[in-house]
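Peer 1: no sequence on hand, only this structure:
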């Protein structure tokens, strides 16, 4: 079977406008996909160069396939399973920053270059005072970027129209300002001068982004079948869900230079991404955290099973539509549309998302994702949200166990053991407290300020409601308790 390459795709030659730090599946299924669509629609005219930023891995498949690859987006839309396959042809080159340092740095001199995209993991945007300018390249991503920008500044003699627009998608708060801060720290550390610092300040833009798409990567189990369907072999084959959202926050408006939204793509330019992040965290992530532990104890193992479980689904939709959406600031229609899209994402027949994998660190997740909705509901309605309150009882039931083995707390679903994974102090708390009577256990949990940043027992009636729910779970089982709360 022939390997996918340019002789088969006949890609359009376009100016290189985007330098991408990271060759992984997410960027290829998200950023590269959107640029490819925008190119096809005629609203953007620019290709991408992928940079492998670290020594790990190789670019052999990129070389073999001339950087051409297939993306298969699979999910559910309008209550029907849907698959969209697309050959991405907008990646023009792939270069290794370490092994091909000189060739990589030549791109700093490229007149048409305008954007830098990165996904170097949450730990990638970091300042390290031991990083060296003399290293080829520096070891950190911000160090590499600073040296790259300095080479560009010198080559173009500080021309203000040769600055670059940075679009990091690393999953940290305010990723753009965080990257900018690191770059300025390296400028000072390496004594690169005030003139260069002013050029970065005036000629470059650091956008802050929020990204949302589940990318399932290389489909190891389905690849051979998919190759036969395509009629070619593709070792860079990538998969993801249909849903996507890219929110770009910027102080200076560059949307006309990067008009992906004009191609009908789900890209939002804003001066404040906070409401969109709040929507995602509270509806998408909050829904996960509120129902997965209860669903697991009710006998389900994956998200899709939970969606097909009438009782669990009813509980989750009650959380989202009755208790979370009323606390958010975006227009109601936007929130309802997003929530309905979340439900379809959870119903994706191509994604088998294990509930136990979502359960990791549920205490801190509940604080970040569910507690703001609980507090917002109390403030707005003047009463307790019964479904979010129940999610606290479900968390406590899931975290019930007395034995810590190999760094995990052992829980039990009937006769089956399961691993409860969280920080050591969290597991030690539950190992010591979870066997106590419900009222005492709830009092100690809700009043633990290390877990919640405040004493939740101050919310009148919350302790009693959670204790009553926990008693019901303990006496009747999770399924009966869910049926009671959703009746």
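Peer 2: Right, received. Where do you want to start? Predicted model, so just to flag it, every value in this text is computed and none were measured.

Peer 1: residue 178 against residue 184, yeah?
Peer 2: No - applying CB atoms under 8 Å as the test, residue 178 and residue 184 come out as separate, 11.2 Å apart. Glycine gets a C-beta too; all of them are placed from N, C-alpha and C.

Peer 1: sketch out the low-pLDDT regions of this structure for me.
Peer 2: Of all residues in the chain, none has pLDDT under 70.

Peer 1: all helices of the stretch 201-350 of the chain, in order?
Peer 2: Here the stretch 201-350 of the chain has its helices, by DSSP state H, counting those that start in this stretch, at 223-230, 274-279, 286-297, 303-307, 310-317, 332-346.

Peer 1: between those helices, which one is closest to residue 202.
Peer 2: Taking CB to CB, helix 274-279 is the member of the helices of the stretch 201-350 of the chain nearest to residue 202, at 26.3 Å.

Peer 1: what lies in contact with the closest one?
Peer 2: For helix 274-279, contacts defined as CB atoms under 8 Å, 6 or more residues apart in numbering pick out 210, 245, 247, 268, 270, 328, 329, 330, 334, 335, 338, 372.

Peer 1: mind checking which of those are buried?
Peer 2: Neighbour-count burial (16 or more other CB atoms under 10 Å) applied to the contacts of helix 274-279 gives 210, 245, 247, 328, 335, 338, 372.

Peer 1: before we move on, back to that, pull the most distant pair out of the contacts of helix 274-279.
Peer 2: Across the contacts of helix 274-279 (CB to CB), the longest gap, 21.6 Å, separates 268 and 372.

Peer 1: coming back round to it: out of the helices of the stretch 201-350 of the chain, deepest packed?
Peer 2: helix 286-297 (a mean of 27; mean count of other CB atoms under 10 Å).

Peer 1: circling back: which one of the buried ones among the contacts of helix 274-279 sits closest to residue 2?
Peer 2: Using CB to CB, residue 245 comes nearest to residue 2 of those, at 35.8 Å.

Peer 1: just checking, the closest one touches residue 212?
Peer 2: Yes - using CB under 8 Å, residue 245 makes contact with residue 212 at a distance of 4.2 Å.

Peer 1: mind listing the shared neighbours of the two?
Peer 2: residue 280.

Peer 1: quick one: residues contacting residue 109.
Peer 2: 151, 152, 155, 156.

Peer 1: now do the nearest residue to the third one once chain neighbours are set aside against residue 14, distance only.
Peer 2: In space, residue 155 comes closest to residue 109 once its chain neighbours are excluded; the distance is 4.6 Å by CB to CB, 6 or more residues apart in numbering. As defined by CB to CB, to the nearest Å, residue 109 lies at a distance of 18 Å from residue 14.

Peer 1: on that earlier part again, just flag the most distant two among the contacts of residue 109.
Peer 2: Greatest spatial distance in those: 151 and 156, 9.8 Å, computed using CB to CB.

Peer 1: now the contacts of helix 274-279 in CSV, with distance to residue 45?
Peer 2: What follows is these, written out as CSV (distance: CB to CB, whole Å):
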residue, distance to residue 45
210, 26
245, 24
247, 24
268, 22
270, 25
328, 38
329, 37
330, 33
334, 31
335, 36
338, 31
372, 42
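
Peer 1: quick one: the helices in the stretch 351-487 of the chain?
Peer 2: Under DSSP H, counting those that start in this stretch, the stretch 351-487 of the chain gives helices at 355-358, 362-369, 371-381, 386-398, 424-433, 438-446, 449-452, 462-476, 478-486.

Peer 1: please list the outside residues in contact with the fourth one.
Peer 2: Helix 386-398 is touched from outside by 289-291, 293-294, 296-297, 315, 318-319, 322-324, 359, 362-363, 366, 370, 373-374, 377, 411, 420, 434, 441-442, 445-446, 462, 465-467, 469-470, 473-474, 478, 481, 485-486, with contacts defined as CB under 8 Å, 6+ apart.
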